[in-house]
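Peer 1: I'll drop the sequence and a predicted model, then ask my questions.
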Amino acid sequence: MRRSRAATIEMLNLMPMHVPGRGEFSRRDALRMGTVGGLGMTLPQILAAANTASQAIDATRHAATAKRSIYIFLCGGPSQLDMWDPKPDAPAHIRGQFGDIATSVPGTRFGALLPNVAPHADKLAVIRSMNVGTQSHETGIFRTLLASRLGTQRNKSYPASPDDHPAIGAILHRLLGPSGGLPPWVVVPRHFTTGTHFYKGQRAGFLGPRFGPLSLGTEKTGSLERSEFTLKNLELHGEQMTVERLDARRSLLDGVGPARVGVDGAVLAYQQQYEKAIEMLTSKAFREAFDVTHESMPLRERYGMNEYGQSFLLARRLIERDVRMVNVFWTYYGSDGCQFNLWDNHGTDKKKPICGGINRGKDMLSHKYCLPSFDAAFSTLLSDLEQRGLLEDTLVTVIGEFGRTPTINKFTGRDHWGACYSAVLAGGGIKGGRVYGSSDALAAYVRDLPVSVYDFQATILHAFGLKPEAAVPDETGRPVRISDGRPVLELF
């Protein structure tokens with residue numbers, strides 16, 4: 001039976017084309033990219049055009065150095081002077097209040113509250129020339145998480161919207177495909193919000209919920225008391241969806257039946273997503289992957305028996321099972337659920353503790369919910385990944401939305417500062433033991449080799465073999481660049 005031209009093209013639209021090393025590339029993608037006209041074309045001509053499109057993809061990709069990523073976000077703005085860029089020769093009101101220490105790399109010094117991380121400096125690349133161009137938490141978070149300069153110029157920082165530029169995890173899922181039996185993108189222990197503000201850059205945006213993350217959705221109580229995660233904490237991103245609710249919806253769809261209501265392809269795909277979710281949530285392997293109690297107690301204690309340390313441990317368990325990206329958001333919730341941005345160490349003269357936190361800036365940094373816990377968790381994560389042979393192809397990044405002022409204020413804290421701060425990368429093809437860029441004598445302004453947050457995002461995508469000009473289709477099928485930044489190639 002002879003097919004019409006329109007029927008032939010539609011059939012091709014639905015046929016996945018496997019491009020070696022790139023996952024699935026559909027003929028519809030080729031059509032959307034403008035490489036196929038569709039009128040007056042024979043089947044061989046259409047296939048040839050699709051192959052031309054796949055060759056165009058070659059120009060936007062290169063050999064990847066990372067297979068997985070753990071993206072650690074220190075919510076509130078960590079101090080570059082007290083962590084990665086101490087200035088021991090600066091005046092007393094500038095230099096860190098805790099001093100500085102030598103690392104495993106001659107000439108490179110870290111803040112004295114990182115004694116366990118310092119021996120791992122040979123694994124780290126420290127960017128000391130980050131800049132974000134704002135002193136606002138909301139704008140800084142938005143710009144750091146959303147992989148699009150144009151997207152941040154056109155929109156407010158919250159709420160997240162279906163037409164947003166997709167986050168990095170969604171881009172990787174769309175272009176690289178699924179990653180094993182677990183979701184390719186997971187958020188631990190919960191998305192970053194401030195009150196009711198859910199920031200952009202944490203969802204799939206115009207790529208749609210199919211490419212969104214799985215979030216643990218851990219309840220907002222007791223960051224220091226929580227020491228394990230179980231399935232009772234898990235929910236499907238965006239819908240507060242429990243296993244029982246998924247099961248109920250599946251039963252409803254089964255009872256109605258596609259034939260009785262004329263369910264179209266989109267609804268069937270939606271049902272298939274629920275089926276897959278239920279299968280994951282009820283599988284033994286899935287449950288075990290999220291259960292940190294399967295790890296030895298000595299290892300768990302080295303990570304830290306709190307939400308932070310166990311989140312780092314859970315991230316390692318997930319990437320070990322081929323989850324492609326794990327976002328770890330580090331903020332503090334008291335036993336009453338009150339949020340306290342511990343990295344935002346302005347300090348205050350109020351006598352009553354805020355949300356169970358400490359009020360003086362110096363005491364905030366040295367409290368167990370801040371630098372001491374980070375020092376333990378991050379150093380153990382690096383050791384654990386290396387010992388398991390995972391660090392070489394797992395990119396680990398640490399960043400906040402900005403840094404802190406050079407000057408220590410009257411509350412022994414530091415205020416917001418976006419003109420110059422630090423970020424850290426390890427593994428995934430990164431050359432360790434080096435410092436990229438530099439700040440001035442007070443860690444106030446970039447001296448050389450400035451790196452924007454968009455460059456930082458592009459660097460992560462580069463590790464996965466994706467150039468900034470690679471594209472994903474928006475709601476209309478129009479190709480949209482994945483990044484406006486320029487990757488820092490010297491780090492690799």
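Peer 2: Thanks, I have it.

Peer 1: give me the element Asn409 is part of.
Peer 2: Assigned by DSSP states H and E, Asn409 falls within no helix or strand.

Peer 1: flag the shaky bits of the stretch 351-492 of the chain, pLDDT-wise.
Peer 2: Residue ranges of the stretch 351-492 of the chain with pLDDT under 70: 352-353.

Peer 1: strands of that one, start to end?
Peer 2: Along the stretch 351-492 of the chain, the segments classed as strands by DSSP state E, counting those that start in this stretch run 394-399, 403-404, 416-417, 421-426, 434-436, 438-439, 446-448, 451-452, 471-473, 479-481.

Peer 1: okay, now the sheet partners of the first one, with direction.
Peer 2: Take DSSP bridges as the rule and strand 394-399 pairs in its sheet with strand 68-74 (parallel), strand 421-426 (antiparallel).

Peer 1: what does the second one give?
Peer 2: Paired strands of strand 403-404, with direction, are strand 416-417 (antiparallel) (DSSP bridges).

Peer 1: now do the last one
Peer 2: Using DSSP bridges, strand 479-481 pairs in its sheet with strand 471-473 (antiparallel).

Peer 1: where along the stretch 201-350 of the chain do the helices fall?
Peer 2: Counting by DSSP state H, counting those that start in this stretch, the stretch 201-350 of the chain forms helices over residues 243-256, 258-261, 265-282, 284-289, 297-303, 307-320, given from the N-terminal end onward.

Peer 1: by mean pLDDT, show me the worst of those.
Peer 2: Among those, helix 258-261 carries the lowest mean pLDDT, at a mean of 48.

Peer 1: from Ala315, how far out is Asp322?
Peer 2: Using Cβ to Cβ, to the nearest Å, one gets 13 Å for the distance from Asp322 to Ala315. Bear in mind the C-beta positions are built from the backbone N, C-alpha and C, glycine included.

Peer 1: more neighbours: the two, which one.
Peer 2: With neighbours defined as other Cβ atoms under 10 Å, Asp322 and Ala315 compare such that Ala315 has more, 27 against 14.

Peer 1: can you tell me the closest non-neighbouring residue to the more buried one?
Peer 2: Leaving aside its sequence neighbours, Ala315 sits nearest to Val326 (Cβ to Cβ, 6 or more residues apart in numbering; 4.3 Å).

Peer 1: that neighbour contacts Pro189, doesn't it?
Peer 2: No. If you go by Cβ atoms under 8 Å, Val326 and Pro189 don't touch, sitting 10.8 Å apart.

Peer 1: list residues touching both of the two?
Peer 2: Common neighbours of Val326 and Pro189, counting by Cβ atoms under 8 Å, 6 or more residues apart in numbering, are Leu314.

Peer 1: can you pull the contacts of Ala147?
Peer 2: Contact analysis of Ala147 by Cβ under 8 Å, 6+ apart lists 165-168, 171, 201, 454, 457-458, 461, 482-483, 485.

Peer 1: Leu489: how many residues sit nearby?
Peer 2: By other Cβ under 10 Å, the residues close to Leu489 number 9.

Peer 1: the strands paired with strand 394-399: which one's closest to Lys220?
Peer 2: The minimum distance between Lys220 and these falls on strand 68-74, with 16.4 Å, by Cβ to Cβ.

Peer 1: give me the mean pLDDT for the closest one.
Peer 2: What strand 68-74 shows for mean pLDDT is 97.

Peer 1: so which bits of the following helix or strand past that strand are buried?
Peer 2: Per DSSP H and E, the first helix or strand lying C-terminal to strand 68-74 is strand 100-102. Of the residues in strand 100-102, those with enough neighbours to count as buried (16 or more other Cβ atoms under 10 Å) are Asp100.

Peer 1: contacts for strand 100-102 next, please.
Peer 2: Contact with strand 100-102 is made by 86, 88, 109-112, 114-115, 118, as judged by Cβ under 8 Å, 6+ apart.

Peer 1: strand partners (parallel or antiparallel) of that strand?
Peer 2: Here strand 100-102 is paired, per DSSP bridges, with strand 109-111 (antiparallel).

Peer 1: please parse the protein into its domains.
Peer 2: Using automatic domain parsing, the domain ranges for the chain come out as 5-58, 68-234+290-474+481-491, 239-289.

Peer 1: okay, buried residues for stretch 76-83 please.
Peer 2: When neighbours are counted by 16+ other Cβ under 10 Å, the buried residues of stretch 76-83 are found to be 76-83.

Peer 1: turn the residues you listed into a markdown table, columns for distance to Gly413.
Peer 2: Supplementary listing: the buried residues of stretch 76-83 in a markdown table, determined by distance: Cβ to Cβ, whole Å:
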| residue | distance to Gly413 |
| --- | --- |
| Gly76 | 11 |
| Gly77 | 11 |
| Pro78 | 12 |
| Ser79 | 9 |
| Gln80 | 14 |
| Leu81 | 12 |
| Asp82 | 11 |
| Met83 | 15 |
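
Peer 1: okay, helices next: where are they in the stretch 51-200 of the chain?
Peer 2: So, for the stretch 51-200 of the chain - with DSSP H, counting those that start in this stretch - the helices run 137-145, 149-154, 168-176.

Peer 1: remind me what the first one packs against, helices and strands.
Peer 2: What that stands for is helix 137-145. Helix 137-145 makes packing contacts with helix 149-154, helix 453-463 when contacts are defined by 3 or more Cβ pairs under 8 Å, 6 or more residues apart in numbering; DSSP states H and E.

Peer 1: for the record, mean pLDDT for the shortest one?
Peer 2: To tie it back to what came earlier, the one meant is helix 149-154. When pLDDT is averaged along helix 149-154, the result is 70.

Peer 1: with stretch 187-207 instead?
Peer 2: When pLDDT is averaged over stretch 187-207, the result is 89.

Peer 1: chain center to it: distance?
Peer 2: Taking the mean C-alpha point of stretch 187-207 and that of its whole chain, the gap between them comes to 10 Å (Cα atoms, centre = their mean, to the nearest Å).

Peer 1: that'll do, ta.
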